[in-house]
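In: 3D model of this:
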Amino acid sequence: MQFLKQNSILLGLSMLYIILACYLTWIDLSFLTLFPIGLMAIYFAIFYTEKTFLAIAFLTPLSINIEEYTDSFGLYLPTEPLLFGLMIWFLMKQLKSNIILKELWQNPIIWAVGFYLTWIFITSITSVLPAVSFKFLLSRIWFFIPLLVFGPTFFIKRKNVIAFIWLFCLAMVIAIIYTLMVHSTYGFGEKEGHWVMWPFFKDHTIYGSTVAFITPLIFGLYFSKKHTPLIQLVLIGLIMITLLGLFFSYTRAAWLSVIASILVLITIKLRIKFIYLAFVGGIAGIVLLFSWDNIQMEMERNKFEHTTEEFGEKLQSATNVTTDASNLERLNRWSCAIEMFKERPFLGFGPGTYAFEYARFQEPENLTIISTNFGDMGNAHSEYLGPLSEMGVFGLLAMLAIVASIFYKSISLYIKWPKEDSEMRVLFLAMIMSLVTYFVHGTLNNYLDTDKAAVPIWGICAIFIAQEIYLKSSALPKERDSNN
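Out: All right, here's what the predicted structure looks like:
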């Protein structure tokens, strides 16, 4: 009875909400019942900002794009509203007192991203579809500001770095388990493997990309330090589930990206100097140039399809440019991107406009059985050719500058980090490998406009920025030291 008296207002509001929710559901306005949940999110963002920020890592793999249900505009719930709300909250706090780490502005990653955003703004003004381009700019800003600008404030603390990695990996494993369970009802068929990850992922390519991304992270968590037997058992289970998810994603680009990350790991561990890598790369480029006709002839003789059941044959099908519709359509998109660049080489057609403009650049000989004359099948399938077609040559240079600055700073930080702190060094290597999986995958697909890729990638970049600031700081935070 005492409890009822003390909480009568709360109980009354709860009953009112239940009655209202039932009525709204009855009249097909059930989406309005999310309003109280929105109020709760605002409350937690204000009073538990750090926990809300970290919660985004867990919510990202499980977010759902409402475009699948509304056919109007794309919005990932609940992550994008949370990121947008945190961005506004952080900016309000910044106006009251400076919460941004002042060393942030010295980091090349921030300079590269700043150049990228500036060029997006300029090309949005000159865009053929300004409304689309400015929407594109806004979506980039609500990823960059909360994650890259304010994120380092949280990632100065080691416990937040580890929590971010754990939360993202755990949520992704939940998504993998769900996908495997659905997939098993279809006998793990390759065709069904393209969509069984819905509603958490649109298709198997972005799903495979994210599974590949967490693969090094989970291994990194396992090898970072000596765990209790229970945690070791949990991590072994997570590794097994992740590898199963990777295999049954049927995503060749994801498999190849993991192999590429292992090669980068070997390169870093062997301390091979960049000048040697550049020399080998240059020689390989020259050989490729003079042998291109022979290589093309070999590729044309490749008849392996990605629908084959054999793992090795699936990998070989990645170079089938004769009969594999997926490969041929990707070449069609790339060809359109290059032709768009040729027409508007400096300013491009405008950020986010590729999907609306590429149709007229399709050549009849490049069309495939999955092509459409309306050009309504999405983006350029490349994190590099997309900016080239939409923002011209400086758009491509801005993207390359971001990638170069990320790997330069992350690898430099790993080399400089104290050898006795093996936990962070292992996690740094794992995060570098994860970034390699994405940016290698980015040659074949582009997902940075989605929370699935943007949150982990810019979150990890914020970790590197924060840890470099920590390493250079003469006044080390006591709370950080207590978590070593």
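In: For residue 445, give me its contacts.
Out: By CB atoms under 8 Å, 6 or more residues apart in numbering, the contact list for residue 445 reads 205-206, 209, 253, 381-383. For every residue, glycine as well, the C-beta is placed using N, CA and C.
In: Of the residues you listed - the most surrounded one?
Out: residue 209 (27 neighbours; other CB atoms under 10 Å).
In: measure the residue nearest to it when sequence neighbours are not counted to residue 253 for me?
Out: Closest residue to residue 209 apart from its sequence neighbours, by CB to CB, 6 or more residues apart in numbering: residue 441 at 5.0 Å. For residue 441, the distance to residue 253 equals 5 Å [CB to CB, to the nearest Å].
In: Please identify every residue contacting each of these two.
Out: residue 209.
In: Residue 418 and residue 425: what is the separation?
Out: Taken as CB to CB, the span from residue 418 to residue 425 is 8 Å.
In: quick one, which of these two is more surrounded?
Out: Taking neighbours as other CB under 10 Å, residue 418 and residue 425 compare with residue 425 leading, 17 against 9.
In: thinking the more buried one is in contact with residue 414, fair?
Out: Yes: using CB atoms under 8 Å, residue 425 makes contact with residue 414 at a distance of 6.3 Å.
In: hey, what's in contact with both of those two?
Out: By CB under 8 Å, 6+ apart, no residue touches both residue 425 and residue 414.
In: picking up where we left off before, kindly present the contacts of residue 445 as a markdown table, with separate columns for distance to residue 183.
Out: A markdown table is the format used below for the contacts of residue 445 (distance: CB to CB, whole Å):
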| residue | distance to residue 183 |
| --- | --- |
| 205 | 15 |
| 206 | 16 |
| 209 | 17 |
| 253 | 19 |
| 381 | 24 |
| 382 | 28 |
| 383 | 27 |
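In: which residue ranges form the strands in the protein?
Out: 64-65, 76-77 (DSSP state E).
In: what pLDDT, on average, does the last one get?
Out: Right, the one you point to is strand 76-77. What strand 76-77 shows for mean pLDDT is 84.
In: ok, it: who's next to it in the sheet?
Out: Here strand 76-77 has these sheet partners by DSSP bridges: strand 64-65 (antiparallel).
In: before we move on, back to that, wait, what's in contact with the residue nearest to residue 209?
Out: Shown in contact with residue 441 (CB under 8 Å, 6+ apart): 209, 212, 253-254, 257.
In: Can you list which of the residues you listed are found in helices?
Out: 209, 212, 253-254, 257 (DSSP state H).
In: Quick check: the farthest pair among those?
Out: 212 and 253 (8.3 Å; CB to CB).
In: Return the per-residue confidence for residue 236.
Out: 97.
In: ok, so what distance separates it from residue 81?
Out: 36 Å.
In: which one of the two has more residues nearby?
Out: residue 81 (15 against 12).
In: The more buried one and residue 146: what is the separation?
Out: Taking CB to CB, one finds residue 81 at 12 Å from residue 146.
In: what's the overlap in contacts for the two?
Out: By CB under 8 Å, 6+ apart, no residue touches both residue 81 and residue 146.
In: count of residues packed around residue 178?
Out: 15.
In: Ok, residue 64 next?
Out: 16.
In: right, and it touches residue 198 too?
Out: No: applying CB under 8 Å as the test, residue 64 and residue 198 come out as separate, 9.3 Å apart.
In: For the nearest residue to residue 339 once chain neighbours are set aside, give me its contacts.
Out: With sequence-adjacent residues excluded and distances taken as CB to CB, 6+ apart, residue 339 is closest to residue 361, at 4.3 Å. The contact partners of residue 361, by CB under 8 Å, 6+ apart, come to 335-336, 339-340.
In: Show me which helix runs longest in this structure.
Out: Max-length helix for the chain by DSSP H is helix 385-416.
In: Roughly how far does residue 408 sit from residue 176?
Out: Per CB to CB, residue 408 is found 32 Å from residue 176.
In: Next: residue 224.
Out: 21 Å.
In: before we move on, back to that, among the strands of the chain, which comes closest to residue 248?
Out: Among these, strand 64-65 sits nearest to residue 248 (CB to CB), with 21.5 Å.
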